[in-house]
Structure formats: C-alpha cells, structure tokens
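Novice: Below are the sequence and a predicted model for it; my questions follow.
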Amino acid sequence: MRFWRGLAIFALGGVLGTGLGVALGFFLFPFVFPPAPTVEQLAEADRSALLATGNFIHADPSDPIHHGRGKVSVYDRTAFLEGDFEVGPGPNYHVYLVAKALIRHSNDLRDTAHVDLGKLRSFKGSQRYPIPEGIDLKRYPSVVIWCETFSVLISPADLRFVNP
C-alpha cells in the first residue's frame, strides 16, 4: 500500500513539475531568445507626409519588465518606429493607434477605440507598420505597444501633430 501511494505521489509530482516547466518555458522564451533587432527603412513616398511624432515612455516605473523608449513617427499611411526603439521582451506584443491621449495604465484602453497595426516584429530597432485606408489620424493621439496575451500596456507614446 505504501509503495503505491509513494508511486502515485511521484507520478503526480512529475506531471505537475512538467506542466510548470512548460508554462515557465513559454513565459521565459522571449527573454532568453529575443528576436534580432530589425532595421527597416521608409520608402521615399512614406516620408513625404510626416503628420506626428512621439516618444515611447516607461509608463509604470515600478514595473521593471514592461518598459519602452525611442521615437515613433507617423506618416500619412505609415507608423514608423525609429532605430532607437526598444521595449522589454514578452509574448504577443502589438502596435496600436489609440483614440485617447495620455495612456498610462492598461485600464486606459478599456472601451477605447484603437487600430491594431500588427504584431511587433522585434523588441528593438526600426520597424514600419502600414496604416489602413480610411483612418483619420487626428482622432488617434497615441501609439502604444500592447501585450495581447496578458492585456497589459507595455509602453505608450503621446503624439505631437506637426500641423495641428
């Protein structure tokens, strides 16, 4: 009887340990094996109509993981994360245009219109994201990096429009 009880506890520990190890691996993978920095360029047509610029910030200084920095430039049909762009690694980050100014907390996006420009391709370096046709960019004063997996704000950028 003791043998079977010990074997059951051993098997349960093995299953739970394996499950925890796999879950931890999924969480830590982006930190251990981050994607290489990207270096994208803007086409000359994209550069012709600069509408706004902003800087990504570390919205919550007490959170050492979710941070960002660097410049974003918004053109007529393109959002461009400049070469100095960098965010802390994590899973399933997306670039959003947000129809609200001064985004500082994850709750600020609740019930707020946004446009998903696509999945972040790298945690560091320049990246180009096309803006869909028909978007009135004056209605979107913020660009944010958002973690879709955990619904967490990673880094916001307040836009300053060039010609108000």
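Specialist: Okay, I see it.
Novice: Outline the domain layout of this structure.
Specialist: 1-33, 38-161 (automatic domain parsing).
Novice: need those domains in JSON lines with mean pLDDT, can you?
Specialist: Written out in JSON lines, the entries for the domains of the chain read as follows (pLDDT from 0 to 100):
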{"stretch": "domain 1-33", "mean pLDDT": "72"}
{"stretch": "domain 38-161", "mean pLDDT": "91"}
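Novice: which residues in the protein form strands?
Specialist: Across the chain, reading from the start of the chain, the strands by DSSP state E fall at 38-39, 50-56, 68-75, 78-81, 86-87, 93-98, 114-119, 125-130, 142-147, 152-161.
Novice: Make JSON lines out of the ones you listed and add distance to Asn107 and mean neighbour count.
Specialist: Backbone N, C-alpha and C define where each C-beta goes, glycine included. Shown next, in JSON lines, are those (distance: least, C-beta to C-beta, whole Å; neighbours: other C-beta atoms under 10 Å):
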{"stretch": "strand 38-39", "distance to Asn107": "30", "mean neighbour count": "14"}
{"stretch": "strand 50-56", "distance to Asn107": "19", "mean neighbour count": "19"}
{"stretch": "strand 68-75", "distance to Asn107": "18", "mean neighbour count": "21"}
{"stretch": "strand 78-81", "distance to Asn107": "23", "mean neighbour count": "25"}
{"stretch": "strand 86-87", "distance to Asn107": "20", "mean neighbour count": "20"}
{"stretch": "strand 93-98", "distance to Asn107": "13", "mean neighbour count": "22"}
{"stretch": "strand 114-119", "distance to Asn107": "14", "mean neighbour count": "15"}
{"stretch": "strand 125-130", "distance to Asn107": "25", "mean neighbour count": "19"}
{"stretch": "strand 142-147", "distance to Asn107": "13", "mean neighbour count": "24"}
{"stretch": "strand 152-161", "distance to Asn107": "9", "mean neighbour count": "22"}
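Novice: how about TSV for those, with distance to Gly17 added?
Specialist: Converted to TSV, these look like this (distance: least, C-beta to C-beta, whole Å):
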stretch	distance to Gly17
strand 38-39	37
strand 50-56	39
strand 68-75	35
strand 78-81	40
strand 86-87	32
strand 93-98	29
strand 114-119	32
strand 125-130	37
strand 142-147	27
strand 152-161	27
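Novice: how long is stretch 126-139 end to end?
Specialist: The straight-line separation of the ends of stretch 126-139 (C-alpha to C-alpha, to the nearest Å) is 24 Å.
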